[in-house]
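Engineer: Build me a model from this:
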Amino acid sequence: MRVDCLNAVLNALAEWEVPLIMIPGNHDQVSLGGLEHALTPLQNAFRLPTDNSDIPGILIFSHPTKFRGALFVPHIRDICVMQSILQSQTSASSSAVFVHADVTGASMNDLITSTHGVAPIYFPPSIPIYSGHFHKPHVVQRPEAAPGVSIRYVGSPYETTLAEANQEKALLVLSSNQNWKCVEEIPIKVGKRHWRCKSIEELVELQTMTDDNMNDSIPGPLRLVNTGDRVVVSVYQEELEELRREAKDGSQVSTFDAKVKELRAIGASVEIREIKSIPGLSHLYSDMDDTDSEHYTDDLDWLLVEDMSPFTTWSSYLVSEVKREAMKNATAEIILQAGNEILDDLGLLNDSGDENSQPTTAVTTNLALDNITVEGFGPFRDSITYPLNNRGLVLLRGSNRDGGSDR
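Structural biologist: Prediction:
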């Protein structure tokens, strides 16, 4: 933990007079068992007076603890241990559960759902369950698999990354006298906000914070870009150039450039990202009508994987990875070509070059990694090859200490 950040937190807590309860999360813990964690320095940040002396103002539960009828469970790396605690008699008799856990089916962000962690069926039914860990505020329910179980992710108090753009943050007010029921939600509007615009039109429609729209008499909720916010817009270069050409005889700037200038003038950060199509994927769009094409741009879920050829499945996956910004277009193009070569070697691309055609006969292949070659990544500035055949489990580990590439 950075010392300056720690001191700032301690100075802020020194003015508190309200008791606090904390449980360590995975980012707080520095030991495998979780008992060594970053919350320890906070324990004596402030103290509360009693009749005979004073006591720490912050209760930190490093072990699963039942307090005031509720069970508080810190992050536990061993899923089996977590499951046994949640299915214990102590858990079943608790009025609520507070936990820091990865739950199967929870939204890691707006794009990714967790496929591992603790299944909802292990949680006690019919009581409030509150969890940290994932930043998106939402509720996990699986009525068929886990009847009566409802796990509420409180979420982060402010947006930390672009993946949290447009998420509604809130402070939950709970009543211990009502079995820790949530009695109020207070919206939180603090910190830098992130704005993701998928088109020029979305960017132009953004409104900025001004003296006029800060008037309380204006009806309806307003979503306004403020100083320090981050705006990311994805555009097609051809579309942007055409818009600029349509500006009247060069004397009037395009609506896009005017909006970018307006946003930057109030102190917002604006990032312009060019959208490029991946070579070899044009066949995915050729048979779509306008509705399908728009749907494809926003979400790949409509494509049924079982009805797709190996090439189309592979191509679609790369498109989705580029869209969620997990990789760049240039990287996807390289991986696409490498994947096509593997599919060709396996006989999953026919001799005519029609990637959409299914193979006439089933192919069974045992895949084994013989070696791995790394170049220009982390400490591997020059090309180096590691043999992997007949070596069992291999761990490759390194650090950048010689000024080599960080990517």
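
Engineer: can you list the residues that contact stretch 108-125?
Structural biologist: Applying C-beta atoms under 8 Å, 6 or more residues apart in numbering, the set of residues contacting stretch 108-125 from outside is 79, 82-83, 86-87, 91-92, 94, 97, 101-107, 129, 134-136, 140-142, 145-149, 151, 163-165, 167, 324. In short, each C-beta sits where N, CA and C put it, glycine included.

Engineer: ChimeraX command for the buried members of these?
Structural biologist: The following ChimeraX command selects only the buried members of these, with burial defined by 16 or more other C-beta atoms under 10 Å:
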select :82,83,86,91,94,97,101,102,103,104,105,106,107,129,134,135,136,140,141,142,146,149,151,163,164,165,167
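
Engineer: my read: residue 321 touches residue 327, true?
Structural biologist: Yes - if you go by C-beta atoms under 8 Å, residue 321 and residue 327 touch, sitting 5.2 Å apart.

Engineer: Now do the shared contacts for these two.
Structural biologist: Both residue 321 and residue 327 lack any common contact, where contact means C-beta under 8 Å, 6+ apart.

Engineer: picking that back up, which ones among the contacts of stretch 108-125 lie within helices?
Structural biologist: Among the contacts of stretch 108-125, the members falling in helices (DSSP state H) are 79, 82, 83, 86, 91, 92.

Engineer: just checking, what's the longest helix in this protein?
Structural biologist: With DSSP H applied, the helix covering the greatest number of residues in the chain is identified as helix 329-345.

Engineer: List the buried residues for that one?
Structural biologist: By neighbour count, with 16+ other C-beta under 10 Å as the criterion, the buried positions of helix 329-345 are 332, 333, 335, 336, 339, 340, 343.

Engineer: Could you save the residues you listed as TSV and add columns showing pLDDT and distance to residue 236?
Structural biologist: What follows is those, written out as TSV (pLDDT from 0 to 100; distance: C-beta to C-beta, whole Å):
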residue	pLDDT	distance to residue 236
332	86	17
333	87	17
335	89	22
336	88	20
339	86	25
340	84	25
343	80	29
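
Engineer: Between those, which sits nearest residue 264?
Structural biologist: residue 332 (30.1 Å; C-beta to C-beta).

Engineer: The closest one is in contact with residue 322, isn't it?
Structural biologist: Yes - under the criterion of C-beta under 8 Å, residue 332 makes contact with residue 322 at 5.1 Å.

Engineer: which residues are in contact with stretch 76-95?
Structural biologist: Against stretch 76-95 from outside (C-beta under 8 Å, 6+ apart): 26, 32, 34, 64, 66, 69-71, 73, 97, 99, 101, 117-118, 122-124, 127-128, 179-180.

Engineer: which of the residues you listed are buried?
Structural biologist: When the contacts of stretch 76-95 are checked for burial by 16+ other C-beta under 10 Å, the buried set is 26, 34, 64, 66, 70-71, 73, 97, 99, 101, 117-118, 122-124, 127-128, 180.

Engineer: Which ones among those map onto strands?
Structural biologist: Counted as lying in strands by DSSP state E, out of those, are 66, 70, 71, 73, 97, 99.

Engineer: Can I get these in CSV including pLDDT and distance to residue 111?
Structural biologist: Conversion of these to CSV gives the following (pLDDT from 0 to 100; distance: C-beta to C-beta, whole Å):
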residue, pLDDT, distance to residue 111
66, 96, 37
70, 97, 32
71, 97, 32
73, 97, 28
97, 97, 28
99, 97, 24
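
Engineer: contacts for stretch 167-184?
Structural biologist: Under the criterion C-beta under 8 Å, 6+ apart, residues 68-70, 95-96, 110, 127-128, 130, 135-137, 152, 154-159, 185-189 lie in contact with stretch 167-184.

Engineer: What of stretch 14-28?
Structural biologist: Around stretch 14-28, the neighbours that count as contacts under C-beta under 8 Å, 6+ apart are 34, 37-39, 42, 45-46, 48, 57-62, 67, 72-75, 77, 98-100, 132-133.

Engineer: which residues in the stretch 301-407 of the chain form strands?
Structural biologist: 371-374, 384-387 (DSSP state E, counting those that start in this stretch).

Engineer: how about CSV for those strands, with mean pLDDT and mean neighbour count added?
Structural biologist: Written out in CSV, the entries for these read as follows (pLDDT from 0 to 100; neighbours: other C-beta atoms under 10 Å):
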stretch, mean pLDDT, mean neighbour count
strand 371-374, 84, 12
strand 384-387, 82, 12
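
Engineer: Quick check: phi and psi at the closest residue to residue 47 other than its chain neighbours.
Structural biologist: Counting by C-beta to C-beta, 6 or more residues apart in numbering, the nearest residue to residue 47 once its immediate chain neighbours are dropped is residue 54, at 4.3 Å. Torsion angles at residue 54 (phi, psi; degrees, to the nearest 10) stand at phi -130, psi 160.

Engineer: burial count for residue 54?
Structural biologist: Residue 54 has 10 neighbours, counted by other C-beta atoms under 10 Å.

Engineer: Pull the distance from stretch 263-279 to the chain's centre.
Structural biologist: In this view, stretch 263-279 has its centroid 20 Å away from the chain centroid, taken as C-alpha atoms, centre = their mean, to the nearest Å.

Engineer: Could you export it as CSV, CA atoms only?
Structural biologist: Output of stretch 263-279 as CSV, limited to C-alpha atoms (Å, rounded to 0.1, in the frame of the first residue of the first chain):
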residue,chain,number,x,y,z
LEU,A,263,-15.8,18.6,-23.8
ARG,A,264,-12.1,19.4,-23.6
ALA,A,265,-12.9,23.0,-22.8
ILE,A,266,-14.6,22.0,-19.5
GLY,A,267,-11.6,19.8,-18.6
ALA,A,268,-12.9,16.4,-19.7
SER,A,269,-10.5,13.8,-21.3
VAL,A,270,-11.6,12.7,-24.8
GLU,A,271,-10.1,9.6,-26.5
ILE,A,272,-10.9,9.0,-30.1
ARG,A,273,-10.6,5.3,-31.2
GLU,A,274,-10.7,4.3,-34.8
ILE,A,275,-12.9,1.3,-35.7
LYS,A,276,-11.4,-1.1,-38.2
SER,A,277,-12.9,-4.2,-39.6
ILE,A,278,-10.9,-7.4,-39.3
PRO,A,279,-9.8,-8.9,-42.6
